[in-house]
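> Sequence plus predicted model, see below.
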Amino acid sequence: MSDARQHQALELLRRGRPMAAVVPASTGGRCGWVGVYPLDRTRSGTASLLARRATVAPPADVPIFRVRRFEVLEALSTADASVGEDDLLDPSDEIAVGPEGLRVALGRFGVDVADLKQPWATDYPI
């Protein structure tokens, strides 16, 4: 089953769909998530993001992902309030190259590719 969920998550990412997973918060009163965003090489913002991170773009057939881990106050999450960048607590943001790079990046947060779901299924706040 895990292989099927991994395949499904990677396929949705390949189609350009962001994915997310709930992760344990570092302290009480918070909720945590990891978000994965497939980067579109045709957008000018992608090239500038990679340049700021000193990441060399891989060959065109290798996907690139932005992986973000953050927490928000539970009160914001449960109130269904609008959450912005200033509300993110303990943010971590990295670039992962290829499916294996994604596995490694997610592993740092205790997440497997098979744990990824569409953002609405995790109450992903941003």
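Arrived safely, thanks for sending.
> quick one, helices of this structure?
2-14, 44-52, 74-78, 98-107 (DSSP state H).
> Quick one: closest of those to residue 113.
The minimum distance between residue 113 and the helices of the chain falls on helix 2-14, with 4.6 Å, by CB to CB. Bear in mind the C-beta positions are built from the backbone N, C-alpha and C, glycine included.
> Which strands or helices does that closest one pack on?
strand 19-23, strand 30-38 (3 or more CB pairs under 8 Å, 6 or more residues apart in numbering; DSSP states H and E).
> Identify each buried residue in stretch 39-57, please.
Neighbour counts over stretch 39-57 (16 or more other CB atoms under 10 Å) mark 39, 49-50 as buried.
> And the helices and strands packed on helix 2-14: which comes nearest residue 115?
Of the helices and strands packed on helix 2-14, nearest to residue 115 by CB to CB is strand 19-23, at 4.4 Å.
> The closest one packs against which elements?
For strand 19-23, the packing partners by 3+ CB pairs under 8 Å, 6+ apart come out as helix 2-14, strand 30-38.
> go again using 10 Å as the cut-off
Secondary-structure packing of strand 19-23 (3 or more CB pairs under 10 Å, 6 or more residues apart in numbering; DSSP states H and E): helix 2-14, strand 30-38, strand 64-73, helix 98-107.
> Give me the contact list for the longest one.
For helix 2-14, the surrounding residues in contact (CB atoms under 10 Å, 6 or more residues apart in numbering) are 17-19, 21, 36-38, 63, 65, 99, 102-103, 112-118.
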